[in-house]
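Colleague: mind looking at a prediction? Sequence and model below.
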Number of protein chains: 2
Amino acid sequence: MNYSKRMALVKPSAIRELHKLEHDPEVISFCGGYPDASLFPVENLRETYQSVISLDKLAFQYTHSQGDATLRQQIADKMQAEGVACDADNIVVLQGAQQGLDFAGKMFIDEGDTVLIEAPTFLGALIAFNTYEPHYIGIPMDSQGIDPDALEVVLKSGQAVKFLYTIPDFQNPAGVTLSADRRRRLVDLANRYDFYIVEDSPYRDMRYSGASVPPIKSFDSQGRVIFLGSFSKSLVPGLRLGWAVADKEIVQNFAQLKQAADTQCSTINMKVASAYLKTFDHASHVENIVRHYRHKRDVMMNTIADTFPDSVAHTNPEGGMFTWLTFPAGFDADQFLKATLLPRAKVAYVPGVHFYADTSHMPVNNARLSFSACTDEAIAEGVKRMGDVLRSYLG
Amino acid sequence: MNYSKRMALVKPSAIRELHKLEHDPEVISFCGGYPDASLFPVENLRETYQSVISLDKLAFQYTHSQGDATLRQQIADKMQAEGVACDADNIVVLQGAQQGLDFAGKMFIDEGDTVLIEAPTFLGALIAFNTYEPHYIGIPMDSQGIDPDALEVVLKSGQAVKFLYTIPDFQNPAGVTLSADRRRRLVDLANRYDFYIVEDSPYRDMRYSGASVPPIKSFDSQGRVIFLGSFSKSLVPGLRLGWAVADKEIVQNFAQLKQAADTQCSTINMKVASAYLKTFDHASHVENIVRHYRHKRDVMMNTIADTFPDSVAHTNPEGGMFTWLTFPAGFDADQFLKATLLPRAKVAYVPGVHFYADTSHMPVNNARLSFSACTDEAIAEGVKRMGDVLRSYLG
């Protein structure tokens, strides 16, 4: 085989391997980041496909690479309401926010260029960026998200940086949310040290408690922030629709990369998303699913509080799908999963090591738990089983 | 702006600019490669969305990056019937064949690597490959497709080659079809000189005359051919569904690139394509649209024969959407379009120069005419108007 160098950086996802556990009906898996399919507005989508196909003669024809114009306007309206100054020309429709990560990598990264990431971060972003062969620097986080002081230390060292990749809302995997002050400061640093910010916010609509924090993009005065949004969590993932909000020049570049990569998103799916948003009360739908996910989160966090030993720390997610566990120093979360938790309790999580780019400097005593896809009963039962094993294991 | 080097190679499509002409209702445009939307099986697709959404609880959930398993089996069955030994593990579902071009570039091309292309070739392929910074060598074609003797001259020179990109069936833009003997010979050369073949065949089902020629992939004994197919022409483009047939290792790599690039194709669209193929007589649908496109082709080719001066040569497409004109030496097809044809006849084509990678060694006296999207009347009228102007212009 005579592959490009970058193929050595494309590895099978360890998380996909873990997903195979989910086929064992006895295992309660907290691995996946899937939304709960029982909350999808299936009947409304069925009606919408009917009417769009009946009424629109071009529902199955090619369309613009930048995406359906009506849908772009609707997304712009939504982002405006969140404090982001934009119009339809600032929007490009993408095959999920994931495609925005691929395009950000393609647009900015030459081999060896530095990309700043949160440590830990979303594995899918690492997989996307890897194909462009960046050099990563991981910035530590605390309960308020990425630490801007640690970030500034890196920047002051004179390190040239292409962009910072951050998931400010209910971070995957850490479950923490970046404070408004820090958001403002990130933009100041980007302006001062001349780099871009890729703001990935697929869970933004899924807030269960606490006050909403404006997008980093809302503080952007120099067109340095690319905001990535998604319909995968608030609506359904199966349409494969996300978007970028950015400076018009960046949007035009994304549209050209889109033409090169896959021509466009599905015409019918874009028209259906647009008609659905026009016809149905999407805000009520989001309120409804937020109520369900809030309950799942509460079941998980309450059961953790009731059953886990005090030596196991956890984050307190205000939204999204994840909490991040920190076991005592010296605890190997991967080893514990395979040798103890799975065989004894039939419970699975994703060991924290999978969320770091730099395998030499990462803690091994973390794990990500997802509460999004399990029933309330399975969450309570799985966390309790895990707590029982942890209490006896940690003594 | 601090873009990657590759962004300098991503240019606005000149063809997109030409498409803007199509908004002028007086202009008869032979530019586009759009299929005829009046031939889409809209009612059957509407029914299929109904039943899939009603019956399948996971129609809107995430699924595998490699694509829906049932659809992959159906594609494998179709390719088997065309002489390609394969099963569902040899198939990956893509966001149109275009995505296969992006992935082939990503998988094989390091900066400066040599890619062999047909001269002229599909602009969308150049745009996709460009982002990986290849060195192109164009191989000339004749009425039987790419010239294997010219290809062998390049290979004998010792030039290392990553892959050959070819559109063997009703080539875009040239409208010619590669003979079976030459297909066999390309595979022999690939084996002998150690390169891959990317066989892009989106028009394969659209044969209007002449005998079908087996895919290059059917002669492949060493897993060196990646066949790219598409539902965009035989079914509809708006689902954004194509596929690759390849060696299992390559398919696994494509699936990983898919996960990195956009996670997966639309779940609902894959399930709908699969259910549609199961429920309806797709072969009859293809027969029906082939009859319509054959008639369009015949109208165009007959009107060319009746009205064009003998000094303008053309290819005789047995299928697909295009014929390729060769004007007399010294004729500038781009200049003629802008200064004469458009103002005088209100007819548009794509000048041939847009289909070459190497702008220094390309003929300027060619043009591509598409007959796919116009009505019979518009084809006859437009070609006649063009013939009138050409006769007076060429004397």
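Modeller: Yes, it's here. As the structure is a prediction and not an experimental result, all values here were calculated from the model. Residues are numbered from 1 along each chain as shown, chains lettered A, B, ... in the order given.
Colleague: can you give me phi and psi for residue A:196?
Modeller: Per-residue torsions, residue A:196: phi -100, psi 160 (degrees, to the nearest 10).
Colleague: leaving out the residues flanking it, which one is nearest to it?
Modeller: In this structure, residue A:196 finds its nearest non-sequential neighbour in residue A:163, 4.0 Å apart by Cβ to Cβ, 6 or more residues apart in numbering or on different chains. For the C-beta atoms, the positions are set from N, CA and C on the backbone; glycine is no exception.
Colleague: does any bit of stretch A:239-254 sit next to chain B?
Modeller: Yes: using Cβ under 8 Å from any Cβ of the partner chain, stretch A:239-254 reaches chain B at A:239, A:240, A:249, A:253.
Colleague: ends of that stretch, how far apart?
Modeller: Using Cα to Cα, to the nearest Å, one end of stretch A:239-254 lies 20 Å from the other.
Colleague: and residue A:198, helix, strand or coil?
Modeller: Recorded secondary structure, residue A:198: strand (DSSP: H, G, I helix; E, B strand; the rest coil).
Colleague: what is it paired to in the beta sheet?
Modeller: Residue A:198 has these beta-bridge partners by DSSP bridges: residue A:165, residue A:226.
Colleague: ok, it to residue B:8 distance?
Modeller: 21 Å (Cβ to Cβ, to the nearest Å).
Colleague: point out where the stretch 201-350 of chain A drops to low pLDDT.
Modeller: Within the stretch 201-350 of chain A, not a single segment meets pLDDT under 70.
Colleague: strands of that one, start to end?
Modeller: Along the stretch 201-350 of chain A, counting by DSSP state E, counting those that start in this stretch, strands occupy A:225-230, A:242-245, A:313-314, A:322-326, A:347-348, A:350-351.
Colleague: pull the distance from the fourth one to the chain's centre.
Modeller: Once both centres are worked out by Cα atoms, centre = their mean, to the nearest Å, strand A:322-326 turns out to sit 15 Å from its chain's centre.
Colleague: which of the residues of stretch A:239-254 next to chain B sit farthest apart?
Modeller: Farthest apart among the residues of stretch A:239-254 next to chain B by Cβ to Cβ are A:239 and A:249. That separation is 27.8 Å.
Colleague: those two: which has the busier surroundings?
Modeller: Neighbour tally, residue A:239 and residue A:249, criterion other Cβ atoms under 10 Å in any protein chain shown: the higher count belongs to residue A:239, 25 against 11.
Colleague: which residue is the nearest non-sequential neighbour of the more buried one?
Modeller: residue A:269 (4.5 Å).
Colleague: that neighbour: what's it in contact with?
Modeller: A:239, A:240, A:241, B:266, B:268, B:269 (Cβ atoms under 8 Å, 6 or more residues apart in numbering or on different chains).
Colleague: up against chain B, what does the stretch 251-395 of chain A have?
Modeller: Checking the stretch 251-395 of chain A against chain B by Cβ under 8 Å from any Cβ, the hits are A:253, A:256-257, A:259-269.
Colleague: now these as CSV including distance to residue B:116?
Modeller: Putting those into CSV (distance: Cβ to Cβ, whole Å) gives the following:
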residue, distance to residue B:116
A:253, 28
A:256, 25
A:257, 24
A:259, 23
A:260, 19
A:261, 22
A:262, 24
A:263, 24
A:264, 28
A:265, 31
A:266, 32
A:267, 33
A:268, 36
A:269, 36
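Colleague: most surrounded residue in the residues you listed?
Modeller: Neighbour count (other Cβ under 10 Å) singles out residue A:265 as the most crowded of these, with 32 neighbours.
Colleague: was I right about it contacting residue A:92?
Modeller: No: the pair residue A:265 / residue A:92 is not scored as a contact, 9.6 Å apart, by Cβ atoms under 8 Å.
Colleague: intersection of neighbour lists for these two?
Modeller: By Cβ under 8 Å, 6+ apart, the residues touching both residue A:265 and residue A:92 are residue A:67.
Colleague: so where do the helices sit in chain A?
Modeller: Under the criterion DSSP state H, helices of chain A are mapped to A:14-19, A:42-55, A:69-81, A:97-108, A:123-130, A:148-156, A:180-193, A:248-262, A:267-279, A:282-307, A:333-336, A:342-345, A:376-394.
Colleague: between those, which one is closest to residue B:212.
Modeller: Across the helices of chain A, residue B:212 has its closest neighbour in helix A:248-262 (28.3 Å, Cβ to Cβ).
Colleague: quick one on the thing from earlier: figure out which of the helices of chain A is closest to residue B:153.
Modeller: Here helix A:248-262 is closest among the helices of chain A (Cβ to Cβ), at 30.4 Å.
Colleague: the closest one versus strand A:196-200: what angle between them?
Modeller: Put simply, helix A:248-262 runs at 60 degrees to strand A:196-200, going by axes from the mean of the first three to the mean of the last three Cα atoms, to 10 degrees.
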